[in-house]
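Undergrad: here is a sequence together with a model predicted from it:
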Amino acid sequence: MKVIILKLQKLPLELIFWIGSLLAILTIDPWAANHFSLCPLENLGFSWCPGCGLGRAMNLLARGEFQASWEMHPLAALAYLVIISRIWNLISNLKTTHNYG
């Protein structure tokens, strides 16, 4: 059991999360009428949320539909920039430290 815990501690979990989130964004259908949402405001019944549409806008941006992406959420390009820079930072950190801790 200790060996498994030690191996899990060496995994770059944040890096795996961010890469997985980009892959999940690329697989969603931005024009679906009903979609799964992790938004706490939507799950509480509020109709407005400042982040709603961001994932779908990022998907549209990846498909090259720039106008539709901007209309859905204007911060999609900034979100890509932040996520990709974080991934880059984590990878460079892994290269220099040879461990994730």
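TA: Perfect, thanks for sending it.

Undergrad: how distant is the helix or strand of the chain with the lowest mean pLDDT from the center of its chain?
TA: Every helix and strand in the chain was compared by mean pLDDT, DSSP states H and E; the lowest is helix 2-10, with a mean of 78. Mean C-alpha position of helix 2-10 versus that of the full chain (C-alpha atoms, centre = their mean, to the nearest Å) differs by 26 Å.

Undergrad: just stretch 86-101 next, same as before
TA: For stretch 86-101, the distance to the chain centre is 18 Å (C-alpha atoms, centre = their mean).

Undergrad: show residues contacting it.
TA: With contacts defined as C-beta atoms under 8 Å, 6 or more residues apart in numbering, stretch 86-101 is touched by 9-15, 18-19, 22. Backbone N, C-alpha and C define where each C-beta goes, glycine included.

Undergrad: inside strands: which ones of the residues you listed?
TA: Using DSSP state E, no member of the contacts of stretch 86-101 sits in strands.

Undergrad: just the closest of those residues to A77, please.
TA: Lowest distance from A77 to these (C-beta to C-beta) belongs to L22, with 13.8 Å.

Undergrad: and the residue nearest the centre of the chain, what does it touch?
TA: Most central in the chain under C-alpha atoms, centre = their mean is S21, positioned 3.6 Å from the mean C-alpha point. By C-beta under 8 Å, 6+ apart, the residues touching S21 are I83.

Undergrad: pull up the per-residue confidence for it.
TA: Looking at S21, its pLDDT stands at 93.

Undergrad: quick one: buried residues of the longest helix seen in the chain?
TA: When the chain is parsed with DSSP state H, its longest helix is helix 76-97. Neighbour counts over helix 76-97 (16 or more other C-beta atoms under 10 Å) mark 76, 79-80, 83, 87, 90 as buried.

Undergrad: among the residues you listed, which one lies nearest to L60?
TA: A76 (7.4 Å).

Undergrad: does the closest one touch A57 like I think?
TA: Yes. Using C-beta atoms under 8 Å, A76 is in contact with A57, at 3.8 Å.

Undergrad: thanks again, I'm all set now.
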